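[1] Below are the sequence and a predicted model for it; my questions follow.
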Amino acid sequence: MALIVQKYGGTSVGSAERIQAVARRVVETVKAGNDLVVVVSAMGKTTDGLVKLARELSSQPSRREMDVLLATGEQVTIALLSIAIQELGQPAISLTGAQVGIVTEAEHSRARILEIAPDRVERHLKEGKVVVVAGFQGVSATGDRDITTLGRGGSDTSAVALAAALKASACEIYTDVPGILTTDPRIVPAAQLLTEITADEMLELASLGAKVLHPRAVEIAKNYGVPLVVRSSWTDDPGTWVVSPVPPPRSLTGLEIARSVDAVEFAVNQAKIAILQVPDRAGIAGQLFGALAREHVDVDLIVQSIHEGNTNDIAFTVNKQSIERAQAVAEAISPVLHDHLNPIDAQVLVADDIAKVSIVGAGMIGRPGVAAQMFKTLAEAGVNIQMISTSEIKVSCTIAATDCDRAIAALCQQFEISTSSNEIDTKYITAPSVRGVALDLDRARLAILQVPDRLGMAAELFGILAANNISLDAIIQSQRTRIIAGVATRDIACTVAQGDAADAKRVLEASAAQLGCGAVVVDESIAKVSIVGAGMVSNPGVAAQMFTALAAAEINIQMISTSEIKISCVVARSQGIDALKTIHRAFGLG
Ligand code: ASP
Ligand code: MG
């Protein structure tokens with residue numbers, strides 16, 4: 001007999017009829033010979049309504065009382081669903097988070113699950129009952145055993161955590177969409193349903209998929225190897241499986257990792273090529289990476305920094321073995337990219353003595369300080385950072401090869417990682433190179449100009465943002481240094497949530513001047529478009545294809561930042577939707 005955990009979201013239990021429909025599906029699942037635990041959300045928009053009520057009474061209601069309030073939403077649903085299931089002749093029992101023993105940190109409104117005691121649920125299952133559990137809530141481990149909530153969207157987390165604790169054979173997330181799609185179907189009606197996606201891809205697509213499945217739930221599924229599927233409550237269609245390689249055994253105490261970083265990775269024998277001062281216009285990146293792809297040069301990191309005086313710098317890394325080919329391509333195409341205006345040798349920089357170090361972990365989503373912590377650690381170890389590139393779950397820095405061992409040791413110590421690993425990753429060699437495309441219209445670009453090129457500057461600047469609870473991504477450091485009053489300076493840019501941009505500018509401006517930096521510039525009229533696919537690791541030319549497609553649509557790329565399985569471009573906001581459609585089409589995802 002298989003044990004299944006099913007989770008039904010707010011829309012799926014939004015009315016008495018819908019609860020009845022859920023009850024029927026529950027009974028069918030039991031009749032098919034399964035033990036069943038059901039996790040539910042609050043009905044419809046109940047939670048929003050409760051938040052609104054509290055706000056009518058206070059602009060800053062106590063977080064403890066908010067948890068007491070919001071937890072009632074799920075409690076309504078568990079009782080109603082149990083009644084509906086019993087009405088169909090199937091024994092069922094409702095349990096709150098505390099009754100199950102979902103023990104969390106005492107952090108109200110954003111508690112992480114520490115442990116789930118399986119005994120009571122197992123006892124009721126043995127009695128032949130369906131156990132209906134309130135999602136999103138738990139009980140604090142310490143003190144007065146208060147009601148806690150896990151944060152908005154937290155019932156996905158409850159469901160997958162229960163599945164992990166009960167060693168269920170699957171966790172099924174029922175929602176009002178058919179599964180995970182290749183992109184947002186409201187913008188691209190041709191978006192296709194995916195039959196599967198890797199957990200890492202899902203996490204990198206957080207901006208696309210988070211509404212369907214909470215990243216914390218994906219992280220638990222990945223850590224504990226919980227087979228996870230997202231499907232529609234209204235149909236019997238198979239939905240989308242979220243797959244991960246079988247993880248090493250892991251303790252169930254401290255269930256949601258308290259750590260933000262899971263791994264320190266490195267790649268040695270890397271080389272960097274930078275092409276400086278190319279014109280800021282559509283098609284340049286496409287030409288360059290197209291030429292590299294034709295020569296079968298496998299490019300790893302790519303960064304393109306903000307422009308200064310209407311030119312861009314583009315830098316990329318390759319394995320040392322390809323350096324000669326890559327350099328030849330870059331030098332041959334450089335005059336073309338520069339419109340034959342400048343002497344070429346000053347424009348192509350090659351460094352063949354670099355290494356890449358990365359920190360990886362789903363826990364860094366929503367934790368602003370992690371990247372800053374990495375930069376600080378490197379600075380304290382005396383390691384200068386050359387290139388920075390970040391994604392949702394990874395921050396990579398290129399450094400001098402001679403600094404590599406020291407950097408790894410410092411990072412492992414800082415993040416309490418026992419062994420670092422060589423990045424080479426062949427586990428998803430058969431995955432498609434592009435699984436999905438995401439558009440983020442909620443970003444603004446933040447640039448700090450003329451940052452003195454000295455150790456620890458990135459740490460200082462991003463530390464300030466982190467201290468103000470501002471999350472950022474796509475951090476890029478320009479290649480070119482400009483001498484201002486005898487000091488070499490670089491520009492650093494990143495993207496932040498639009499709502500944080502004004503704050504970010506304000507807090508940075510105060511310190512930037514003291515640190516000897518130039519102006520802090522915000523541009524809100526941007527969009528970020530990203531492709532994600534585990535198979536791009538082993539497929540040269542994916543980036544070129546993306547850039548070429550954008551060029552063909554006459555879309556200028558303002559910034560580029562990549563991680564192992566993701567490539568992001570910043571474009572003008574007015575072209576964001578067009579960019580998404582173009583790329584989705586270019587990779588034949590429709
Ligand atoms: N009811 C909570 C919310 O609306 C939890 C959930 O539905 O996942 O955020
Ligand atoms: Mg949800």
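    Nice, I can see it. Nothing here was measured: the structure is a model prediction, and the numbers come from that model. Ligands and ions are numbered 1, 2, ... in the order given.
[2] The helix or strand harbouring Ala23: how far from the chain's middle?
    Ala23 is part of helix 16-31, with elements assigned from DSSP states H and E. Its chain's average C-alpha position is 34 Å from that of helix 16-31, according to Cα atoms, centre = their mean, to the nearest Å.
[3] which strands and helices sit next to it?
    Packing partners of helix 16-31 (3 or more Cβ pairs under 8 Å, 6 or more residues apart in numbering; DSSP states H and E): strand 2-8, strand 34-40, helix 63-87. (Each C-beta comes from the backbone N, C-alpha and C, glycine too.)
[4] The last one and ligand 2 in contact?
    In other words, helix 63-87. No - counting by Cβ under 5 Å from the ion, ligand 2 is not contacted by helix 63-87; separation bottoms out at 12.2 Å.
[5] taking the helices and strands packed on helix 16-31 together, which one is wrapped up most tightly?
    Mean neighbour count (mean count of other Cβ atoms under 10 Å) peaks for strand 34-40 among those, with a mean of 27.
[6] what sits up against that one?
    1-8, 13, 22, 26, 29-30, 74, 77-78, 81, 121, 125, 130-135, 155, 158-159, 162, 166, 168 (Cβ atoms under 8 Å, 6 or more residues apart in numbering).
[7] For the protein, which element, helix or strand, carries the lowest mean pLDDT?
    The weakest-scoring helix or strand in the chain, judged by mean pLDDT, DSSP states H and E, is helix 206-209 (a mean of 71).
[8] Now do the contacts for the spatially most central residue of the chain.
    Closest residue to the average C-alpha location of the chain: Glu392 at 3.2 Å, with Cα atoms, centre = their mean. Applying Cβ under 8 Å, 6+ apart, we find Glu392 in contact with 203-204, 206, 215, 364-365, 473, 566.
[9] what pLDDT does it get?
    For Glu392, the pLDDT comes out at 85.
[10] Not including adjacent chain positions, what is the nearest residue to Leu69?
    Sequence neighbours aside, Leu50 is the residue nearest to Leu69 in space, at 5.3 Å (criterion: Cβ to Cβ, 6 or more residues apart in numbering).
[11] Helix or strand: which one has that neighbour?
    If you go by DSSP H and E, Leu50 is part of helix 46-57.
[12] Report the rounded mean pLDDT for that helix.
    97.
[13] packing partners for that helix?
    Under the contact definition 3+ Cβ pairs under 8 Å, 6+ apart, helix 46-57 sits against helix 63-87.
[14] Next, the residues that contact the helix it packs on from outside, please.
    The list of residues contacting helix 63-87 from outside it, by Cβ under 8 Å, 6+ apart, reads 8, 13, 16, 19-20, 22-23, 26-27, 38, 40-43, 46-47, 50-51, 53-54, 92-97, 108-109, 130, 132-137, 146-149, 155.
[15] touching ligand 1 at all, that helix?
    Yes - looking at helix 63-87 against ligand 1 by Cβ under 6 Å from any ligand atom, the contacts come from Gly73.
[16] Following the chain past that helix, name the next helix or strand.
    According to DSSP H and E, the helix or strand after helix 63-87 is strand 92-95.
[17] For the residue in the stretch 251-400 of the chain that ligand 1 sits nearest to, which non-adjacent residue is closest in space?
    Nearest residue of the stretch 251-400 of the chain to ligand 1: Gly366, at 14.6 Å (Cβ to the nearest ligand atom). Sequence neighbours aside, Ser471 is the residue nearest to Gly366 in space, at 6.7 Å (criterion: Cβ to Cβ, 6+ apart).
[18] hmm, back to that, how about a markdown table for the helices and strands packed on helix 16-31, with mean pLDDT added?
    As requested, the helices and strands packed on helix 16-31 are exported to a markdown table (pLDDT from 0 to 100):
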| stretch | mean pLDDT |
| --- | --- |
| strand 2-8 | 98 |
| strand 34-40 | 98 |
| helix 63-87 | 98 |
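[19] and of the ones you listed, who's closest to Ile560?
    Among those, strand 2-8 comes nearest to Ile560, with 37.5 Å by Cβ to Cβ.
[20] average pLDDT across the helix or strand encompassing Ser561?
    Using DSSP H and E, Ser561 maps to strand 559-563. Averaging pLDDT along strand 559-563 yields 89.
[21] So in that sheet, which strands flank that strand, and in what orientation?
    According to DSSP bridges, strand 559-563 forms sheet pairs with strand 299-304 (antiparallel), strand 566-572 (antiparallel).
[22] okay, now the residue lying closest to Ala190 once chain neighbours are set aside: neighbour count?
    Excluding its sequence neighbours, the residue lying closest to Ala190 (Cβ to Cβ, 6+ apart) is Gly590, at 3.4 Å. By other Cβ atoms under 10 Å, the residues close to Gly590 number 13.
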